[in-house]
Every structure is written in structure tokens, then in C-alpha cells.
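S.K.: how would this look folded up:
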Amino acid sequence: MAIRLKGSTHFRQRIVCSTLSGRAIVIDEIRADAEEPGLRDFEASFLRLVEKITTGCGIKINETGTKVSYKPGVLKGGAGHVHDCGTTRAIGYFVEALIPLALFGKEALSITFTGITNHEADLSVDTIRTVTLPLLKHFGVEDGLEFKIKKRGAPPLGGGEVIFQCPVVKELKPINLTTDSKVRRVRGIAFSAGVSAQMANRLVDSAKGVLLKLNGDSYIYTDHHTGSSAGKSPGFGLSLVAETAKGCHISAEGIGSKGVLPEDVGRQTALLLLEEVFKGGCIDTSHQSLMFLLMVLSPEDVTKIRIGKLSAYSIRYLQNLKSFFGITFKITPDVETRTVLLACRGTGFKNLSRRTS
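M.R.: Numbering: from 1, shown residues only. This next block holds a predicted model:
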């Protein structure tokens, strides 16, 4: 029997959890009271993406777009896929949700995304490459992961292009990420596209003025694009990563907008990184939900993680994971370190469709 849900919130979550759990869903009242009711273009685009990498999924949308019925299919993966992400949301919106699906396909996935590479509402392609994908190593996913940024694409017109390759796994490894450690070094990427290369240099100078107070080993690379590789709109932005002694990655990012100085973007992004570091824990706020899902998909063993503070988005995700997989997390506040320990027993999820060589 299908799970019945209401509203437009956590749309990607629901589709991903439905696909992996094999449970059909019906979502009603999608922005029913809005001036423009129904699905947004990026949500419909995400459904088309899921169709591309699965076989036999069923999607029904009513005339107003306020009701979606989704019956999950079999994850197939495969090569040669191309997906236009549009210009409403960034490529990161799609890749972030695609990762757990790609891991459990029949074949390794290779897909080219076009659209916006850096957007304030979504993970940037830089953070996905330097933080999101390395996190998978904790679960035993190391070989076969590739993420190439071919073209930059700033808002509003985008024009970026990235290639994502992901291997398939039989099962994940359980994690025990509970040891909080000091920051070993800070690395970053300052990009500029269709503007003066000095924009990236100004980002670097302003950010390092803040970061050197945290760690003396701070280095930010510049990535300047011109011509066709700069996309359709000019832009600049910064992605920062604090690497700890225990191999954890904490990220923060910022992007320039009309009338905003690169000095302000650089300083604000550095301050955001400091805030994430001072929260404590082994992951940053933006990666909590992905880690929780992968913990649920781990073997039938106890997995543990330490985080700084549960976000409202993550709390809702934990509720979704319970609805779809029947898994409840044990949440233990650590008063001494002002962090939170989360633990659960994995479902023992196995990839039954993986093609064996």
C-alpha cells in the first residue's frame, strides 16, 4: 500500500527514500494554496532524472500538478546519460539526491549535467567534489568516483557542465565517526567566470585574513574561466574545506551576486566555515541528511556519528527515514562538547541488481 504524504516539502527526500525502500508514495496538496499551485520545474526535472536511471518506475501527475503518484522501479544506472538541470536550481540539487541511488544500480553510472554550477540554495559542484564524495570513503566507496567540472555556470543563465561517474556497491560499510579532532588544514577554491581574474584573488585575500586565525596552513586555489568554459553568465564564488586530523571534512561556501563585493563574499564564507568548525562534530550541517540515509542503508550493525547541531531539515529527514525504513535513531546530547551523538542499526541493505563480472 502506498504511503500518503502531503505538501511540497522534502520532495527529493521522499522520492529517494521511496526508490530505495521500494515503497510507492502518493503526495497530495503540493502548493495547493499557492498562486502557482503544483510542482515546480526543478521537481519535475528531478522526476525525469529518476526515470532515466531506473527501469519500470511509474509516475502520475494530475492536471494541476498538485498530486503525484510515484511507484519505484529498479535502479539501472548505466552510461551515456545527459540531463539538463535548467536554471531554477543548481546541478548540486540533482547530484546530491542522485548519489545514494547511483550506488545501488545495476551498472556504474556515468552522466553529464548541464546548468548552474554554483548557487546559493544548493551545494556547489566544488563542495560536492571536495567534501561530499570523499565522505563516501567512510562507507567503503573509494574506486570509480569521478566528478569533472568542464564548464562553470553562474546564475541566472547557467551554461555549466559537469560529468559525474559513480560505481555500484554490493553493500556499504558501517561507520563510527565519533572522534572530534582539531583542524589540520584549510583548503578552498575561488572561482571566477566571465569576470576579471582579480575577482578570485580578492576572494582569496579577504578569506585568508579570517582563516589564518583558525589555522596557519590555509591555501585557496583560484579557478578562472573565460570564453565558452565560463558559461552564459558572469559570476564568482568561494568554497572552503576544513580538514581534521581524523580525516573529516567541514565545508562552507558563498557566491557573489549583483552589487556584492568579492571581499564581502570571501570574509562571510570564511566566517561561515569558522561557525561550522566551532559547532563541533565530524560533518557539517549541509551533509547531515546524506550521512543519515547512508547509515540506514548500512549493514545490520550499529553505526554512529557525532555532529554539531541537528538542523530542522535533518530532523524532518529522520522522521522520513523512520516512515520508509522503520529505523529510529538514538540521539544523545554530549553536554561537555556541546555536540550530538546519533546511532542506529542499519537495515542490511544490499544491492541485488548489481551486475557481477
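S.K.: output the below-cut-off pLDDT ranges for the stretch 251-357 of the chain.
M.R.: Scanning the stretch 251-357 of the chain for pLDDT under 70 picks out 355-357.
S.K.: that one: strands as residue ranges?
M.R.: Along the stretch 251-357 of the chain, the segments classed as strands by DSSP state E, counting those that start in this stretch run 302-307, 330-334, 339-345.
S.K.: pick the most buried one from the ones you listed.
M.R.: Comparing those by mean neighbour count (mean count of other Cβ atoms under 10 Å), strand 302-307 ranks first with a mean of 21. C-beta: built from backbone N, CA, C; applies to glycine.
S.K.: gap between it and the chain center?
M.R.: Put simply, strand 302-307 sits 19 Å off its chain's centre (Cα atoms, centre = their mean, to the nearest Å).
S.K.: for it, which outside residues touch it?
M.R.: Residues outside strand 302-307 that contact it (Cβ atoms under 8 Å, 6 or more residues apart in numbering): 174-180, 280-283, 288, 291, 295, 334, 339-346.
S.K.: confidence score at residue 67?
M.R.: On pLDDT, residue 67 comes in at 97.
S.K.: what does residue 68 show for phi and psi?
M.R.: Dihedral pair for residue 68: phi -130, psi 130, per degrees, to the nearest 10.
S.K.: again, but for residue 191
M.R.: In terms of degrees, to the nearest 10, the main-chain angles of residue 191 are phi -110, psi 150.
S.K.: residue contacts, it?
M.R.: 118, 126, 152, 200, 222-225, 235-239.
S.K.: let's go with 10 Å and repeat that
M.R.: Residues near residue 191 by Cβ atoms under 10 Å, 6 or more residues apart in numbering: 117-118, 124-126, 149, 152, 154, 199-200, 203, 221-225, 230, 235-239, 255-256.
S.K.: one step back: how about the strands of the stretch 251-357 of the chain, which one is nearest residue 77?
M.R.: Nearest to residue 77 among the strands of the stretch 251-357 of the chain is strand 302-307; the distance by Cβ to Cβ comes to 24.7 Å.
S.K.: quick revisit: quick one: which of the contacts of residue 191 sit in helices?
M.R.: The subset of the contacts of residue 191 located in helices under the criterion DSSP state H comprises 125-126, 199-200, 203.
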